[in-house]
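Participant: Give me a 3D structure for the following:
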Amino acid sequence: MPSSPLRRNKQPSPSRPERAEASGPGLVKRYAAPVMVTCWLLGLIWVVVFYIAGSRIPGMAELGNWNLLIGMGLIAVGFVFATQWE
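Facilitator: Numbers count the residues shown, from 1 in each chain. Model (predicted):
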């Protein structure tokens, strides 16, 4: 059975450069989690207060059902910050 010719080892081709690791946590990493939780809690509190006492609170009474959009908007902003959290 014939054997294959011996190959000389070539110089290894340079691989893709490794991704540089950050020396410390970035600015987004620091405030993302507190802002995320704060937005979720504020949105939840806004919606609950609207359902319980919305007609008795002067500012909320004029907004009507827009209060739901405000509360859900705050919760949505919390989810946006959740994508930045590591």
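Participant: so how many other residues sit close to residue 54?
Facilitator: 19 (other C-beta atoms under 10 Å). (Each C-beta comes from the backbone N, C-alpha and C, glycine too.)
Participant: swap in residue 41?
Facilitator: 13.
Participant: What of residue 69?
Facilitator: Count around residue 69 with other C-beta under 10 Å applied: 11.
Participant: Over to residue 38?
Facilitator: 15.
Participant: Over to residue 71?
Facilitator: Neighbourhood size, residue 71 [other C-beta under 10 Å]: 20.
Participant: List the contacts of it.
Facilitator: Contact analysis of residue 71 by C-beta atoms under 8 Å, 6 or more residues apart in numbering lists 43, 44, 46, 47, 50.
Participant: And for the third one, the neighbour number?
Facilitator: Pointing back at residue 46 there. 20.
Participant: I'd like the distance between it and residue 2.
Facilitator: 80 Å (C-beta to C-beta, to the nearest Å).
Participant: In this structure, mark out all the helices, start to finish.
Facilitator: 27-53, 58-63, 66-82 (DSSP state H).
Participant: Mind putting the ones you listed into TSV with distance to residue 8 and mean pLDDT?
Facilitator: Formatted as TSV, those follow (distance: least, C-beta to C-beta, whole Å; pLDDT from 0 to 100):
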stretch	distance to residue 8	mean pLDDT
helix 27-53	48	90
helix 58-63	78	88
helix 66-82	53	95
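Participant: The ones you listed into a markdown table, with extra columns for distance to residue 7?
Facilitator: Formatted as a markdown table, the helices of the chain follow (distance: least, C-beta to C-beta, whole Å):
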| stretch | distance to residue 7 |
| --- | --- |
| helix 27-53 | 48 |
| helix 58-63 | 76 |
| helix 66-82 | 52 |
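Participant: For residue 9, find the nearest of the ones you listed.
Facilitator: helix 27-53 (42.9 Å; C-beta to C-beta).
Participant: what distance separates the closest one from the middle of the whole chain?
Facilitator: Centroid separation for helix 27-53 versus its chain: 13 Å, with C-alpha atoms, centre = their mean, to the nearest Å.
Participant: which secondary structure elements does it contact?
Facilitator: Packing partners of helix 27-53 (3 or more C-beta pairs under 8 Å, 6 or more residues apart in numbering; DSSP states H and E): helix 58-63, helix 66-82.
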